[in-house]
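Peer 1: missing the sequence, but the structure's below:
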């Protein structure tokens with residue numbers, strides 16, 4: 001096993017905190033075979049001790065462990081001088097656990113049982129991701145989630161992954177449509193409203209009732225008007241349905257520009273404030289079953 005802080009230069013140092021012996025050993029072998037230097041801990045308290053004794057790039061943390069659980073360990077990191085990025089691993093996919101992990105600044109989250117390829121890809125992507133300010137949790141109620149997300153595409157992708165797990169009980173088509181609509185609008189808010197300025201935030205509100213899902217996205221920009229975005233398909237005049245493609249090519253922009261139009265087709269309602277730096281996306285769910293009459 002690698003000694004903390006003694007890994008060969010250029011090799012990522014990973015701390016695995018897992019209380020199940022077989023899973024801990026399996027993770028150690030898999031990560032070492034992938035070229036990482038690995039240190040293990042059998043619970044949160046032991047993990048904190050190892051963290052203070054070494055210098056790690058990444059920590060893989062289980063949630064439910066004796067002495068100190070994974071969420072408590074994450075909370076302790078705020079007081080530490082050296083803070084590795086954290087991937088939370090757990091079979092507990094409840095909104096409460098997920099939102100606590102976000103609040104305590106987990107960088108990523110993966111469900112058990114672990115898929116080896118997905119885990120190794122996630123480890124690689126987490127280690128290679130650029131520096132980002134953390135996502136700030138304003139509200140962590142399961143039916144009202146409110147987040148401040150830095151205007152960086154990586155942060156947007158991470159928050160989308162987190163919010164995806166709050167809708168796992170929905171029909172696959174509803175889940176796919178609302179997720180795609182949200183992704184398009186969040187990307188627009190970060191890229192165009194926030195100008196990819198990591199010092200600024202996009203505010204996201206996710207509300208869920210028995211009858212609908214609602215996303216409210218506010219970007220820090222000055223807003224826009226349809227005539228000011230000729231690179232988007234939604235601004236095309238009826239007689240020139242592909243005009244935006246020519247505009248994008250002339251300005252050297254990537255192909256695309258269908259985000260707003262596609263969102264309008266995927267969601268049930270999409271509307272903006274007057275300034276057009278806030279957008280609301282609504283997806284209606286099936287009506288709740290009528291209560292049976294009392295006998």
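Peer 2: Everything's here; your move. Here the structure is a predicted model, which means the values were calculated and not measured.
Peer 1: in the chain, which helix or strand is least confident?
Peer 2: Using mean pLDDT, DSSP states H and E, the weakest-scoring helix or strand in the chain turns out to be helix 243-250, at a mean of 56.
Peer 1: the helices in the stretch 1-150 of the chain, which residues?
Peer 2: 21-33, 44-53, 70-77, 95-103, 116-128 (DSSP state H, counting those that start in this stretch).
Peer 1: can you tell me which of those helices comes nearest to residue 64?
Peer 2: Distance to residue 64, taken as Cβ to Cβ, is lowest for helix 70-77 among the helices of the stretch 1-150 of the chain, at 7.4 Å. To be clear about C-beta, it is placed using only N, CA and C from the backbone, and glycine gets the same treatment.
Peer 1: what packs against the closest one?
Peer 2: Helices and strands in packing contact with helix 70-77 are listed as helix 44-53, strand 58-62, strand 85-90, helix 95-103; criterion 3 or more Cβ pairs under 8 Å, 6 or more residues apart in numbering; DSSP states H and E.
Peer 1: quick one on the thing from earlier: turn the helices of the stretch 1-150 of the chain into CSV, columns for mean neighbour count.
Peer 2: As requested, the helices of the stretch 1-150 of the chain are arranged in CSV below (neighbours: other Cβ atoms under 10 Å):
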stretch, mean neighbour count
helix 21-33, 15
helix 44-53, 19
helix 70-77, 21
helix 95-103, 20
helix 116-128, 14
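Peer 1: Dump the ones you listed into JSON lines; add mean pLDDT and distance to residue 83 as well.
Peer 2: Formatted as JSON lines, those follow (pLDDT from 0 to 100; distance: least, Cβ to Cβ, whole Å):
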{"stretch": "helix 21-33", "mean pLDDT": "96", "distance to residue 83": "20"}
{"stretch": "helix 44-53", "mean pLDDT": "94", "distance to residue 83": "9"}
{"stretch": "helix 70-77", "mean pLDDT": "93", "distance to residue 83": "5"}
{"stretch": "helix 95-103", "mean pLDDT": "86", "distance to residue 83": "15"}
{"stretch": "helix 116-128", "mean pLDDT": "95", "distance to residue 83": "13"}
